[in-house]
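>>> Following is a predicted model, sequence given first.
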Amino acid sequence: MTGYPSSAPRRVLAVTAAGRPDTRLVVIRGNSASGKSSVAQGLRDHYGRGIAIVGQDVIRRIVLREHDTTGGANIALLGRIVRHALDAGFHVVLEGILYADRYSHMISSLVRDHRGVSRCYYLDVPLEATLARHASKEDAAYLAQVTDTQLTSWYRELDLLPDGLETVIPAASTLQDTVARIMRDTDLTTAAAPPPQHALSPGDTKKSPVLMSDPQVAAMPVHECGEPLVDVRDHDFRVDLRKHDPLGAFAHVREGVLARLKHARSRLPAGTDLLFIEGYRPLPLQRNYFTNYRDKLTTAHPTWTPEQLHQAASRYVSPPEIAPHSAGAAVDVTLVDQDGHELDLGTRVNASPEESNGACFTHAPNLSNQARHHRTLLLNAMQGAGFTNYGTEFWHFSAADRYDALMRHEPHARYGPIELP
């Protein structure tokens, strides 16, 4: 096996670290016509959206129109693109001839710095088979441009990366077998798989969402990963100031949450953008929110038991002891147009169930077609980036906290309560 096994966590300097523990990096190398691009596409076909394919030929030959030389500009650019895609929450397949003497440092650095699982593969195809595969291609223009003589001159036998970094895939392995092996080695079948995405339709009825007060949420163990809080204002997001506080705590989220937000933003259609409203919430503030809302319910429903009040308050405000916001794991967001005007999503952000007549629920039936469409855009973008929505609040999404871990059937959460430095 190659790369760094997920069972052996590595400490990585924040200045060089790339991706998240749940992102996957796959490097596929081999001579021309060895099947690299077919394997990359096969991985995407099997996994679906969420895999970025970074092809050496696309960057070197098409974007830069550069000869393949030592120290070429494409080498650093390939590394930067891979890092950016990993940071945005994509799994990445880097494929190309990528001669070992020219590209090994860049590839080794990516594997070293990637927080998640990395695997490197070399497709070992003999020259005779390479020439036969090349001749079978249907692209006449490419066949006229690339001759057998050129292929022979480019061919390097078993041009492996140093330090045993690669797994060699023999020519006898079929495309289907190769793709299946990589999917199995990297656990791509389950890595960061978003929950099912449901399109909203008029009259849509959903079962009641699991509330934050559910004992299963509090029972979920936390294995704190130690990711720091970062300020989204440093990363070119549209940030609303309605929840602004003197320390700017509201604009902070965990590093991995920021990466998911970037990914979600990239999934929105042109002319639509995220509006960030609130992220981290200090524990004392969370307690005030919960207590104040519970007190309002007590006044409105004097006959309710403490248990009933706690459960009802949890529809709208998370109990302090398990609050995703206080773990830096949750964000409140909505959509705006290109001019920064908020789109109609049915009710204002932070509207209570009483104020909105239940329209704050993500799958509320009493929405206009326009509001339902906008909610679908937001839900699909955020879920596709690995967030879990809290079903009583269309604007609230979290990742790797107790609630998200429970919804995804994970053994534990990675984010627990944290204090702002």
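Great, that's in hand. Numbers count the residues shown, from 1 in each chain.
>>> Which stretches in the stretch 201-350 of the chain count as strands?
With DSSP state E, counting those that start in this stretch, the ranges of strands along the stretch 201-350 of the chain come out as 229-231, 238-239, 252-254, 272-278, 330-337.
>>> Could you list the low-pLDDT ranges of the stretch 51-200 of the chain?
Residues of the stretch 51-200 of the chain meeting the criterion pLDDT under 70: 129-146, 189-200.
>>> which residues touch Gly89?
Applying Cβ atoms under 8 Å, 6 or more residues apart in numbering, we find Gly89 in contact with 20, 23, 50, 192, 259-260, 262-263, 385-386. No exception for glycine: its C-beta is placed from N, CA and C like everyone else's.
>>> for it, helix, strand, or coil?
Per DSSP: H, G, I helix; E, B strand; the rest coil, the secondary structure class of Gly89 is coil.
>>> Just send the strands of the stretch 201-350 of the chain back as TSV, with mean pLDDT, distance to Pro284 and mean neighbour count too.
Listed next are the strands of the stretch 201-350 of the chain as TSV, based on pLDDT from 0 to 100; distance: least, Cβ to Cβ, whole Å; neighbours: other Cβ atoms under 10 Å:
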stretch	mean pLDDT	distance to Pro284	mean neighbour count
strand 229-231	96	16	19
strand 238-239	96	23	17
strand 252-254	97	16	26
strand 272-278	96	15	21
strand 330-337	96	17	22
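>>> To Glu166, which of these lies closest?
For Glu166, the closest of these is strand 252-254, at 33.0 Å, according to Cβ to Cβ.
>>> Pull the CA coordinates from stretch 246-255 and hand them back as PDB.
Listed next in PDB are the C-alpha coordinates belonging to stretch 246-255 (Å, rounded to 0.1, in the frame of the first residue of the first chain):
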ATOM      1  CA  PRO A 246     -17.000  43.200  19.700                       C
ATOM      2  CA  LEU A 247     -14.600  40.200  19.300                       C
ATOM      3  CA  GLY A 248     -15.800  39.200  15.900                       C
ATOM      4  CA  ALA A 249     -16.500  35.700  17.200                       C
ATOM      5  CA  PHE A 250     -19.600  35.400  14.900                       C
ATOM      6  CA  ALA A 251     -17.400  35.300  11.800                       C
ATOM      7  CA  HIS A 252     -15.300  32.400  13.000                       C
ATOM      8  CA  VAL A 253     -15.700  28.700  12.000                       C
ATOM      9  CA  ARG A 254     -13.500  25.600  12.200                       C
ATOM     10  CA  GLU A 255     -10.900  25.400   9.400                       C
END
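>>> which other residues reach that stretch?
Counting by Cβ under 8 Å, 6+ apart, 14, 227-233, 239, 243-244, 261, 276, 278-282, 327-329, 331, 400, 415, 418, 420 sit against stretch 246-255.
>>> List the buried residues of that stretch.
If you call a residue buried by 16 or more other Cβ atoms under 10 Å, then stretch 246-255 has these buried ones: 249-255.
>>> Distance to Glu128 added to those residues, as a markdown table?
Listed next are the buried residues of stretch 246-255 as a markdown table, based on distance: Cβ to Cβ, whole Å:
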| residue | distance to Glu128 |
| --- | --- |
| Ala249 | 65 |
| Phe250 | 64 |
| Ala251 | 60 |
| His252 | 59 |
| Val253 | 55 |
| Arg254 | 52 |
| Glu255 | 49 |
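>>> Please identify which pair of those lies farthest apart.
Between all members of the buried residues of stretch 246-255, the longest pairwise span (Cβ to Cβ) is found for Phe250 and Glu255 and amounts to 16.9 Å.
>>> most residues in a single helix of this structure, which one?
Scanning the chain for the helix with the most residues, using DSSP state H, yields helix 283-300.
>>> Using PDB, write down the CA coordinates of that helix.
The C-alpha coordinates for helix 283-300 follow below in PDB (Å, rounded to 0.1, in the frame of the first residue of the first chain):
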ATOM      1  CA  LEU A 283     -21.000  29.200  25.200                       C
ATOM      2  CA  PRO A 284     -22.300  32.000  27.500                       C
ATOM      3  CA  LEU A 285     -24.100  33.600  24.600                       C
ATOM      4  CA  GLN A 286     -25.600  30.200  23.600                       C
ATOM      5  CA  ARG A 287     -26.900  29.800  27.100                       C
ATOM      6  CA  ASN A 288     -28.500  33.200  27.000                       C
ATOM      7  CA  TYR A 289     -30.200  32.400  23.600                       C
ATOM      8  CA  PHE A 290     -31.600  29.100  24.900                       C
ATOM      9  CA  THR A 291     -32.700  30.500  28.300                       C
ATOM     10  CA  ASN A 292     -34.400  33.500  26.800                       C
ATOM     11  CA  TYR A 293     -36.400  31.400  24.300                       C
ATOM     12  CA  ARG A 294     -37.300  28.900  26.900                       C
ATOM     13  CA  ASP A 295     -38.600  31.700  29.100                       C
ATOM     14  CA  LYS A 296     -40.800  33.000  26.300                       C
ATOM     15  CA  LEU A 297     -42.300  29.500  25.900                       C
ATOM     16  CA  THR A 298     -42.800  29.300  29.600                       C
ATOM     17  CA  THR A 299     -44.800  32.500  29.600                       C
ATOM     18  CA  ALA A 300     -46.900  31.400  26.600                       C
END
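>>> Please consider this matter closed, and thank you.
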